[in-house]
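>>> Return a 3D structure for these sequence lines:
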Amino acid sequence: MPLDAKSKELRRTIIRILECSRRGHLGSAFSLVEIIRVLYDDVLRYKAENPGWEGRDRFILSKGHGCLALYAVLAEKGFFPESELWKFCKIDGILGGHPEPKIPGVEFSTGSLGHGFPVGIGMALNARYEKAGYRTFVVIGDGEADEGSVWEAALSAGKHKLDNLVVVMDYNKYQSYGPTVGIQDLEPLADKWRSFGFGVREVDGHDLDELKSAFSNLPVDAGKPSVVICHTMKGKGIKFAEGNMEWHHKSGLNDGEIKELYRGLEEY
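A predicted model of the protein is given here:
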């Protein structure tokens, strides 16, 4: 799937963040760009000038290490000044290596994998009890799905028939130590979610039209929580980083590596 100008620009912003900080999770952020872009462009209800607006849809990036994609989009939407991006992981900035609630637009701290989804269930239940109209979207990773808390949460969501809850799975087929198929195979993934009482839809996670279609037809099944399984590529947008675990996380990036990232994106 080719990348349009905006998808490339968001990735260029992520590379510039890395250039300033010399560290971060590139592969995990690049697989998320289109997912987060479509959610904030076309799906979520929010007010950037009033992040605590009660009518907002709740969004949790449970795979918090992919935060550079979220930060790039939040800045673009005006949640905080663009200048904060260039202070990523610096003492005088607000943006850390994982999302924290002190950041405008961030609902919950997701430094530990497997926690965001259960908290999202609490938010969805609260909306039901208060008869509020907001929806809750939680993005999880496939490596994160090794956590037992994910499947305990899925049981609970199915039990309560939370049709105001949407799980978005970044299924890039890799986790920190290698391919998911070799570490902890998740297949048959769609059948697993169905067995927990979810309506399931699978899409190309880099195809804007497929994402928009999936997110505009929710819940997937009436009276059930939804999961949108997004088939993505870790490191999407730079050929030498795609599926390359050396780019899961980098620290101490040098000028040559930064130049190669910019060049690789332009050549894509």
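>>> C-terminal to the helix or strand containing Cys230, what's the next element?
Assigned by DSSP states H and E, Cys230 belongs to strand 226-231. Using DSSP H and E, the next helix or strand after strand 226-231 towards the C-terminus is strand 250-251.
>>> so for that next one, what's the average pLDDT?
Strand 250-251 shows a mean pLDDT of 92.
>>> for stretch 123-139, same thing?
Summarised as a single mean, pLDDT over stretch 123-139 is 98.
>>> What is the end-to-end distance of that stretch?
With Cα to Cα, to the nearest Å as the measure, the ends of stretch 123-139 fall 14 Å from one another.
>>> re earlier: show me what the strand holding Cys230 is packed up against.
On a contact count with 3 or more Cβ pairs under 8 Å, 6 or more residues apart in numbering; DSSP states H and E, strand 226-231 meets strand 165-171, helix 189-195, strand 199-204, helix 208-215. C-beta coordinates here come from the backbone N, C-alpha and C atoms, glycine included.
>>> any idea how far Ala190 lies from Val200?
5 Å (Cβ to Cβ, to the nearest Å).
>>> now swap in Asn126 and tell me
25 Å.
>>> ok, these two, which is more surrounded?
Neighbour count, other Cβ atoms under 10 Å: between Asn126 and Val200, Val200 has more, with 20 against 13.
>>> for that one, which residues make a bridge with it?
Applying DSSP bridges to Val200 gives these bridge partners: Val227.
>>> who are the neighbours in contact with it?
Contacts for Val200 were tallied using Cβ atoms under 8 Å, 6 or more residues apart in numbering; they are Ala190, Trp193, Arg194, Val220, Ser226, Val227, Ile229.
>>> ditto for Lys131
Contacts of Lys131 by Cβ under 8 Å, 6+ apart: none found.
>>> So it: helix, strand or coil?
Under DSSP: H, G, I helix; E, B strand; the rest coil, the three-state class of Lys131 is coil.
>>> Need the contact partners of the strand holding Cys230.
35, 163, 165-171, 189-190, 193, 198-205, 211, 214-215, 218-220.
>>> Buried residues, it. List them.
Ser226, Val227, Val228, Ile229, Cys230, His231 (16 or more other Cβ atoms under 10 Å).
>>> same thing with stretch 143-153?
Gly143, Glu144, Ala145, Asp146, Glu147, Val150, Trp151, Ala153.
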